[in-house]
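Visitor: here is the input, now give the coordinates:
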Amino acid sequence: MALLRRPLLLLLLIVTHQFLQFRIAFGSVNEEGQKQEEFYEELLLKPLPDRKLLTHFHFQSSAPPSTSNGRHHHLFPKAISQLVLKFQVKEMELSFTQGRWNYESWGGFDPIPSSNAKPPGVELWAVFDAPQHLIDALWKNLTHTLSGLFCASINFLESSTAYSAPEWSFPPASGKLRYGTLPREAVCTENLTPWLKLLPCRDKAGISMLLDRPSIYRGFYHSQRLHLTSTGSGSEGMDPGIILEQTLTVVLQPDSQRASLAHASEKHIQPSWSLSSIFGKQISGRCVLAETSSVYFLLDKGLVAELEHIHKENEKSEENVLISEKFWNNPSFELSAKPDRIFIEESSLLSKNASVLYKFEIEKYGESEPFDLGLFWKTPVVWLCQQAPLHANRFLMGSGNERGAIAISLKSTQSSEGFMGSNSNDERCELRVDVFQVVPWYVKVYFHSLQVFVDQQPKAVSDIIEKIHVSPSKDKVSPGVMELVLTLPCSVSSAVLTIEFDKGFLHIDEYPPDANQGFDIPSAIVSFPNFHARMVFLENDSLNKSPLLSKFQEKSPVMSYTEVLLVPLTTPDFSMPYNVITITCTVFALYFGSLLNALRRRVAEEERFLKDKAAKKMDRIPLLLSKLSAKLRGRHLEGPQAPPASSSFINSKSVLKVILIAGLAVYWQYYFS
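Guide: Here you go, the predicted structure:
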């Protein structure tokens, strides 16, 4: 009986331990009544007009406030928690981006481009909950920590020449904000792997299984983003709560499965795709540690309007097909899986159309029946994504390596109905535009040369610029910062800002290895504070459980990034130091080689060598004559004798050679010093 009780007792202990771990992992309530950590995973798929597909992965981990200092985390990454507590971070965002978001084709008014479209390279900003005199030191330590955590060169942002402190133009602007970018930072799998390690299931289960490296990095654009927010002050012995958002936005080109289709408008037919054809994998179930696991398929307003127009022309009916349960299988396209729910966006003043969202729950799928969503297009569809009020571009003017100018161009996107629903011809209608520009210290900007052109006509700066803040650069200390608030009429078609600059000189140690390629000026940020990108869906009782849809409802200002400028600076001839080093090393090699040769040479061997050499030079006929003469005289023939002063001559010659080489070396060194 005792032998039977021990296995039963051991089995009972194992089951109890697993049950407790299960309750803790799934966010149960502990004895103190505090909510436990939670994790959500979601994926958004959206077709784009230029035959591409937008895939947006969204993961959210949350850790509520706790009274236990240095607690053990069950789901939330401990490295992030320690980072927040150590450096007193109130809010932070870090992004790694390869490529540039195409605002003209992919849209600029949706929540995704406004929040997740980032500049090329690395962008980092952080708001600290600390005294003002400690912020710079905390920023430097934070950059080193993130550099080691994500295997990147973020530590280059520790220098005061690489970061700035925006006052009010950057959206989370405050006096405790620091902002820095590295436009030339290369993004690779070494940055993605640490990012995936912050997920509870990593890329082994759930939606993150689709993150196939070759599929992601062959896309036209990809941006991995990490945003954390501290939800508590951490006072009175309580650790602050933290919300960590991890997003990965990728734009891919699906391989068309209808290459053999013979259609007059084949170029307008969108390519059909599936998850397995894009990523090479399927979703074989959700992450067991996730509260919810969902996949969304979004049809934006322009696409829905075009589909309704096609349906009305074919059916000649006025009924709204959006409310039909079979809208996922219609004459224009067909989905391989039936959605669990269909949401319709609430109409707004900006547009009369509404987006449609399909929701697929991953809980009911598993290894025996994996989830593989596919889209099959039946008819050609052409539409446009909603644009921002103005399209921003930036370029350089001038020539040569001495002077130049930076121009920021703003062009209307012909969306007059988008100006807050007001009449664009009304003289009182105004459009506010915020511009944030950081310029490196070696690009010496003359802020007094700022000029404004509206509709190709010069305007007074005071008439257009409502507010301006300028922080001039200091050589090798800090970059130049320019913050502007423009007030433009709603009927504006184009506006251009120009500012002149001089190109500085760098010390030879300050040039990068590829200095001849040029130097980067980070992207400028153009935001429209009066316009907010948000999507509110009707009859959606699951918003509280969907962080992605809750994020869509937030009022985030419409924001866009300009291009990264490449400025050529005057660079020295880096081959000259190489030539000087080569010639100097050659002279020293000759000097020491000759010196060692003269010191190691033996006199006896030299005399024997000269005798042998003289003997070989004698011709045979003189030798025979000398032998014959010796026989006639009865004398013995002696070999040729070297001159008696050969030894002294050789020694003096060697000494003169050493003195000559030493004199040349001393003259060479004196000349170049």
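Visitor: would you mind confirming that M482 is in contact with V443?
Guide: No: look at M482 against V443 with C-beta atoms under 8 Å: they stay out of range, at 11.7 Å. For every residue, glycine as well, the C-beta is placed using N, CA and C.
Visitor: can you give me the neighbour number for Y591?
Guide: For Y591, the count of nearby residues is 16 (other C-beta atoms under 10 Å).
Visitor: go through stretch 657-666 and flag the buried ones.
Guide: 658, 661, 665 (16 or more other C-beta atoms under 10 Å).
Visitor: check which helix or strand S147 maps to.
Guide: Counting by DSSP states H and E, the element that carries S147 is helix 135-150.
Visitor: quickly run through the sheet partners of the helix or strand that that helix is followed by, with directions.
Guide: Next in sequence after helix 135-150, counting helices and strands by DSSP H and E, comes strand 163-164. The pairing partners recorded for strand 163-164 under DSSP bridges are strand 177-182 (antiparallel).
Visitor: start to end distance for stretch 472-481?
Guide: 7 Å (C-alpha to C-alpha, to the nearest Å).
Visitor: who touches that stretch?
Guide: 160-162, 164-166, 436-441, 443-445, 447, 469-471, 504 (C-beta atoms under 8 Å, 6 or more residues apart in numbering).
Visitor: of those residues, just the buried ones, PyMOL syntax please.
Guide: Restricted to buried positions by 16+ other C-beta under 10 Å, the PyMOL selection for the contacts of stretch 472-481 reads:
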select buried, resi 160+161+162+164+165+166+436+437+438+439+440+441+443+444+445+471
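Visitor: got the contact list for E158?
Guide: Residues in contact with E158, defined by C-beta under 8 Å, 6+ apart, are 139-140, 143-144.
Visitor: quick revisit: and which of the buried residues of stretch 657-666 is nearest to T498?
Guide: A665 (57.3 Å; C-beta to C-beta).
Visitor: so the closest one: helix, strand or coil?
Guide: Secondary structure, DSSP: H, G, I helix; E, B strand; the rest coil: A665 is helix.
Visitor: pLDDT at it, what is it?
Guide: For A665, the pLDDT comes out at 79.
Visitor: and N314, by the same measure?
Guide: 71.
Visitor: in terms of helices and strands, where is it?
Guide: Using DSSP H and E, N314 falls in helix 301-315.
Visitor: same question, V580
Guide: Going by DSSP H and E, V580 is in helix 575-600.
Visitor: helix or strand right after that helix?
Guide: Where DSSP H and E defines the elements, the next helix or strand beyond helix 575-600 is helix 603-617.
Visitor: now for that next one, which elements pack on it?
Guide: In terms of contacts (3 or more C-beta pairs under 8 Å, 6 or more residues apart in numbering; DSSP states H and E), helix 603-617 is packed against helix 646-672.
Visitor: quick one: mean pLDDT over the helix holding S147.
Guide: 96.
Visitor: please enumerate residues in contact with that helix?
Guide: With C-beta under 8 Å, 6+ apart, helix 135-150 has contacts from 79, 83, 86-89, 92, 94, 96, 124, 126, 128, 130, 152-158, 160, 163, 176, 178, 180, 191, 194-195.
Visitor: angle of that helix against strand 177-182?
Guide: On the basis of axes from the mean of the first three to the mean of the last three C-alpha atoms, to 10 degrees, helix 135-150 is oriented at 40 degrees to strand 177-182.
Visitor: L590 - how many residues pack around it?
Guide: For L590, using other C-beta under 10 Å, the count is 13.
Visitor: is it true that it touches A662?
Guide: No: assessed by C-beta under 8 Å, L590 is found out of contact with A662, at 11.5 Å.
Visitor: now the helices: where do they sit in the stretch 1-150 of the chain?
Guide: Using DSSP state H, counting those that start in this stretch, the helices of the stretch 1-150 of the chain run over 2-25, 78-87, 103-106, 111-116, 135-150.
Visitor: starting at the chain centroid, how far to the third one?
Guide: A distance of 19 Å separates the centroid of the chain from that of helix 103-106, by C-alpha atoms, centre = their mean, to the nearest Å.
Visitor: helices or strands next to that helix in the packing?
Guide: strand 390-397.
Visitor: S478 versus the closest residue to G180 other than its chain neighbours, what's the distance?
Guide: Closest residue to G180 apart from its sequence neighbours, by C-beta to C-beta, 6 or more residues apart in numbering: Y163 at 3.5 Å. Separation of Y163 from S478 (C-beta to C-beta, to the nearest Å): 9 Å.
Visitor: okay, the two: which has more neighbours?
Guide: Set Y163 next to S478 and count neighbours by other C-beta under 10 Å: Y163 wins out with 23 against 19.
Visitor: isn't that one up against Y179?
Guide: Yes: using C-beta under 8 Å, Y163 is in contact with Y179, at 6.2 Å.
Visitor: pLDDT score for S556?
Guide: At S556, pLDDT is 85.
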